[in-house]
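Trainee: 3D model of this:
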Amino acid sequence: MNQKVVITGMGCISGLDSGAEQNWQRTLAGVCAVRPIKRKVWKDEPKFAIQGMAAWIDDETVAAAMPNRKLKFLGNLDPFSRFALIAADEAVAQSGLELDETSKENVAVILGCGSNGNAVLDRSYERLYARRTPRTNPQTIPSSMMSAPASHIAMMLGLHGPTFVMSSACASSAHALGEAMHMIRAGRVDAAIAGGTEACISLGSWFAWKSLGVLAPDTCRPFSVDRKGMVLGEGAAVFVLESEEHARSRGATILAELAGYGATSDASQMTAPNQQMIERAISMAMADAKVQTSQEILISAHGTGTALNDKCEAAAIRSVFGPQIDQASVIATKSAHGHLIGASGALQFLLGIKALSAGVAPPVLNHLGADPECELPLALEAKPISAELLMCNSFAFGGLNAVIVARHPAA
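Mentor: Predicted coordinates for the structure are as follows:
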């Protein structure tokens, strides 16, 4: 079987706001969620603080997303589960998907997460190592395990289909979407709740990222001269995917087609990208979607703002598309919402679909000028587009690459 896979619902939360439309409008308007953060952990130890620049979600945004939502025990969960439930609830509501006891067995839940419950683990280890308390919260394991967000979504919706989390660092949610697409294509399930979630702005995670030397002291500047690194973000983006037949049989509104997916492994180095394998992933996704490089396309770049990754990605894109790249528009939304690690691909995909629907490419923010080694047709301000195709790139530590392609339903 080779069922066409369509998107009927989308939901998200990020440092920009809660809600897919709100995130889109703020991205289109050039709002940047990157701002100073300072969270003291211990009053008598000022050096143990989360301090710097990040695209974090404040408590008010989470609280505003909760009214009128049937999200059980939301306040007791690690943020990465909380974010996933908020995004999934919005996506399912938009899709209008109604489930009976039979159909609940034919819906999968596949999420991507780069790391597990950082906040819960931090609290547990603080009790154990700092306070010397030889007993942790009994909910530490259930709340922090990598699969928790998927399980909570399944419990919220009463779903009995395949439910699991894929973890491939910054490519996690792109892999989750691609593999969910293949499950539906193969007829294993009728629909899937798929996407990604991440909440890595906790003390332990923050200091671990700082030690890598990749965090920017100012902001995220994809493909720009004087870019200084990535900026951490947090949040979730979740989609309702269905076979076209299933969606049309219930009269659902189709937002886009998830048309192609390519995945490769560099098998070479943990932190340095491999241009050849990036090119291969792009070509695989394009071929899977039956898209030609001569067709007009909107490219949502991985665009981390790091020196090596941006250079390698730009070179790979130019190599695959050749002179035709100048007919494309390239966006890099991490400049607005930061790097959500495992959830980044899903949020960038969501914003890209919104751009196709609106016929407008959102601006790449914080750009200080073209880097000759990263020359791409960047949308440095909001501009009209006529593209009906979207390509979204995700390239992760460990050399894990995933590219997904969407097609506007009118195409």
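Trainee: Could you count how many residues lie near Lys290?
Mentor: The number of residues packed near Lys290 is 10, by other C-beta atoms under 10 Å. C-betas here are computed from N, CA, C, even on glycine.
Trainee: Same question for Arg131.
Mentor: Other residues within reach of Arg131, judged by other C-beta under 10 Å, total 8.
Trainee: what does the one 5 residues further on give?
Mentor: Counted by other C-beta under 10 Å, the residues lying close to Thr136 total 16.
Trainee: quick one, phi psi at it?
Mentor: phi -100, psi 170 (degrees, to the nearest 10).
Trainee: which ones are touching it?
Mentor: Residues near Thr136 by C-beta atoms under 8 Å, 6 or more residues apart in numbering: Ser124, Arg127, Leu128.
Trainee: same check, this time on Ser265
Mentor: Under the criterion of C-beta under 8 Å, 6+ apart, the contact list for Ser265 reads Met277, Gly398, Gly399, Leu400, Asn401.
Trainee: I'd like the distance between it and Arg123.
Mentor: According to C-beta to C-beta, to the nearest Å, Ser265 and Arg123 sit 35 Å apart.
Trainee: cool, and Leu400?
Mentor: Between Leu400 and Arg123 the computed distance is 29 Å (C-beta to C-beta).
Trainee: do the same with Leu203
Mentor: Taking C-beta to C-beta, one finds Leu203 at 10 Å from Arg123.
Trainee: before we move on, what about Glu373?
Mentor: Distance, Glu373 to Arg123, using C-beta to C-beta: 43 Å.
Trainee: Looking at the two, which is more packed in?
Mentor: Shown here are Glu373 and Arg123; by other C-beta under 10 Å, Arg123 has more neighbours (19 against 13).
Trainee: List the residues that contact the closest residue to Glu126 other than its chain neighbours.
Mentor: Excluding the flanking residues, the one nearest Glu126 by C-beta to C-beta, 6 or more residues apart in numbering is Val41, at 7.8 Å. Shown in contact with Val41 (C-beta under 8 Å, 6+ apart): Phe48, Ala49, Ile50, Glu126, Leu203.
Trainee: Mind checking which of those residues are in strands?
Mentor: The strands, defined by DSSP state E, take in Ala49, Ile50 from these.
Trainee: hmm, back to that, which two in the contacts of Ser265 are spaced the farthest apart?
Mentor: Within the contacts of Ser265, Met277 and Gly398 form the most distant pair, 11.6 Å apart (C-beta to C-beta).
Trainee: Between those two, which has more neighbouring residues?
Mentor: More neighbours surround Met277 than the other of Met277 and Gly398, with 20 against 15 (other C-beta under 10 Å).
Trainee: Remind me which helix or strand that one belongs to.
Mentor: Element membership for Met277 (DSSP states H and E) is helix 275-288.
Trainee: for that helix, packing partners?
Mentor: strand 256-265, helix 307-321, strand 389-396, strand 400-407 (3 or more C-beta pairs under 8 Å, 6 or more residues apart in numbering; DSSP states H and E).
Trainee: Any chance of a markdown table for the ones you listed, columns mean pLDDT?
Mentor: Shown next, in a markdown table, are the helices and strands packed on helix 275-288 (pLDDT from 0 to 100):
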| stretch | mean pLDDT |
| --- | --- |
| strand 256-265 | 98 |
| helix 307-321 | 98 |
| strand 389-396 | 98 |
| strand 400-407 | 98 |
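Trainee: Same list as before, the ones you listed that is, but in TSV and with distance to Pro363 included.
Mentor: Listed next are the helices and strands packed on helix 275-288 as TSV, based on distance: least, C-beta to C-beta, whole Å:
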stretch	distance to Pro363
strand 256-265	22
helix 307-321	17
strand 389-396	17
strand 400-407	20
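Trainee: Measure how far stretch 266-284 is from the centre of its chain, please.
Mentor: The chain centre lies 19 Å from the centre of stretch 266-284; the measure is C-alpha atoms, centre = their mean, to the nearest Å.
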